[in-house]
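# Have a look at this prediction, sequence included:
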Amino acid sequence: MGRKLFCDINPTCYKISRRKEIIKKNLKDTFSKEKIAKKRIKEELPNIVKGHSSILLRKLNGVDMKLQENKVTNIQLACDKVNGIVIHPGETFSYWKTIGLPSKKKGYKEGLVISKHGMTKGYGGGLCQMGNMIHWLVLNSPLTVTELHHHSDALFPDERRRVPFGTGTSVCYNYLDYRFKNETDQDVQILVWIENGELCGELRSEREFPYRYKLIEENHHFKKENDKYYRISQVYRIVIDRKTNEEVRKELILDNHSEVMYDYSLIPKDEIRDE
C-alpha cells in the first residue's frame, strides 16, 4: 500500500495543503496576463442566448435539510456578486474572482460541501449549484471554457434532473475555479437570481450568435465493476446553424464513468447492464 499524501494525514495537514494551493493560485493569477471581467451593469443586454432554472431545496439521502436551507442564503449572496456582470471580448470570467471568499463574516452559512474526504459542511457550502448553472449556460454558447473541474463521482440519485448527468463543475475557494473566456466579437452578460424556490439564470448578448446548441446524453446505464457500481454515459453537444436549422457538428464533451456513492438499492434496476 502506498504512502499517504500529506493532506490525508489529518485535518490540520489538509488545511495546510489547502492553504498552499490557495497561495499557488494567487501567485499564478498575479503573473497571468488574463483580463478578468469585473464590470456589472443594471441594464440587461437585449438578446437571451440561454436561460435555465434549477430547484434549490432537494431532499438528498442522508443530508440535513438545514444545510439545504443555508445553501439558499449562500446562493443569494453569490447572486448579488454575479448578477449583471459583463464579459467583454477578450475577457475571462472567474467564479471566485467575482464572488470572493465565502466567509462567515460576509454572512455565509454552513452548507453541504463535497471534498475528497466525502460529504461535510462548511461556510459557503452549496455554491457548486451556482457554478453548475453558469457552466450550463456557457455550454449552450460559443464561449470558451478555460478552467473546469468535473465531479468525479455520482453522489446522489436523480431527483427531477433537467440536464444531462455530469455537466456540472466542482468549485472550491479559490484553487478549484470555474473560468470561461469571451472569444466572440460582442459583450455577453450573466444574470442570476432566486425566484419561486429556484435558482434562475440567463446568458445574454448584444445580438444573436449564428449557431444554437443542444446537449444530449446517450448510452446512459449503470454497470458493476468488481464490487462497485458506476454510472456511465456520453454527453454530446450538437451545434445547429440558426438560419438553416441544420446540424453542423456533434461534439463529445463528456465521457462519464463515475462511481456511485449512494445506496445501491436506489439504482433503478432497469438501468443496470451486465455488459
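Here it is on my side, so go on.
# pLDDT below threshold where in the chain?
1-11, 13-14, 61-62, 115-118, 152, 159-162, 275 (pLDDT under 70).
# Tell me how far the residue lying closest to Pro268 once chain neighbours are set aside lies from Lys24.
Nearest residue to Pro268, sequence neighbours excluded (C-beta to C-beta, 6 or more residues apart in numbering): Phe222, at 7.9 Å. All C-beta atoms are positioned from the backbone trio N, CA, C, and that covers glycine. In this view, Phe222 and Lys24 are 37 Å apart by C-beta to C-beta, to the nearest Å.
# Could you check which of those two is surrounded by more residues?
More neighbours surround Phe222 than the other of Phe222 and Lys24, with 20 against 11 (other C-beta atoms under 10 Å).
# Please give the element, helix or strand, for the more buried one.
If you go by DSSP states H and E, Phe222 is part of strand 211-225.
# Give the other helices and strands that the helix or strand following that strand contacts.
Moving toward the C-terminus from strand 211-225, the next helix or strand (DSSP H and E) is strand 228-241. Applying 3 or more C-beta pairs under 8 Å, 6 or more residues apart in numbering; DSSP states H and E, we find strand 228-241 packed against strand 211-225, strand 247-260.
# How far off centre is the last one?
Using C-alpha atoms, centre = their mean, to the nearest Å, we find the averaged C-alpha position of strand 247-260 to lie 16 Å away from the chain's own average C-alpha position.
# Buried ones in that strand, by neighbour count?
Across strand 247-260, burial judged by 16 or more other C-beta atoms under 10 Å covers 254, 256, 258, 260.
# contacts for it?
139, 150-154, 164-167, 211, 215, 222, 228-241, 267 (C-beta atoms under 8 Å, 6 or more residues apart in numbering).
# Which residue ranges make up the domains of the protein?
1-33, 34-209 (automatic domain parsing).
# quick one on the thing from earlier: which of the contacts of strand 247-260 count as buried?
So, by 16+ other C-beta under 10 Å, the buried ones in the contacts of strand 247-260 are 139, 151, 154, 164-167, 215, 222, 229-237, 267.
# Great, nothing more from me.
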